[in-house]
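# let's see this in three dimensions:
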Amino acid sequence: MLSGAKIKLNEWPAKVKPFYKSKKQYLDRIDEPEKNWKFSLADLQERQYWEQYMQAYEACLNATSTDDAPWYAVPADDKHNARLIVSQIVLDAFDNLKIAYPMMSEERCSELKAIRRKLQKEHEDEKAK
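Residues are numbered from 1 along each chain as shown. Model prediction:
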């Protein structure tokens, strides 16, 4: 989780894959031999619960998506654009993190200067040999 990242791409309720699309997928799974293994009669029986599933899905997302840990709706039917969207979400989250190098104390700065002088002297001594 990226703490402090606050990015919203889509407000709820999110729209999920339309019912007709899954019907087309079922037909493809029956018509295309290489997809036959994906089809189950139980899938057809479960279609009658589609509206209830979508209500539960929306309730779950509404209950768990917060400003500090938002959910994003990313279209899964276009892998190229889905990857671009996810990449942008991650980049935006990193930009919003306000990351900076730690500040050094005066004591640490003096210590580093002393170490640098020592290393520089060793380097010059080796060159002189």
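
# out of everything not next to it in sequence, what's closest to I85?
If you skip the residues right next to it in sequence, I85 has V74 as its closest partner in space, 5.1 Å away by CB to CB, 6 or more residues apart in numbering. C-beta coordinates here come from the backbone N, C-alpha and C atoms, glycine included.

# correction: the previous question concerned K35.
Spatial nearest neighbour of K35, excluding adjacent residues (CB to CB, 6+ apart): R29 at 4.4 Å.

# what sits against the one you found?
Residues touching R29, when contacts are defined by CB atoms under 8 Å, 6 or more residues apart in numbering, comprise 35-36, 38-39.

# if I look at A69, how far off is S22?
To S22, A69 is 29 Å away according to CB to CB, to the nearest Å.

# and for N96, the neighbour number?
When neighbours are counted by other CB atoms under 10 Å, N96 registers 13.

# go on, W50?
Residues contacting W50 under the criterion other CB under 10 Å number 13.

# check L112 too.
When counting by other CB under 10 Å, one arrives at 11 neighbours for L112.

# does it count as helix, strand or coil?
Secondary structure, DSSP: H, G, I helix; E, B strand; the rest coil: L112 is helix.

# neighbours of the residue lying closest to it once chain neighbours are set aside, how many?
If the residues on either side of it in the chain are set aside, L112 comes closest to M104, at 7.6 Å by CB to CB, 6+ apart. Residues within reach of M104, counting by other CB under 10 Å, total 11.

# which pLDDT value goes with M104?
As summarised for this prediction, M104 has a pLDDT of 93.
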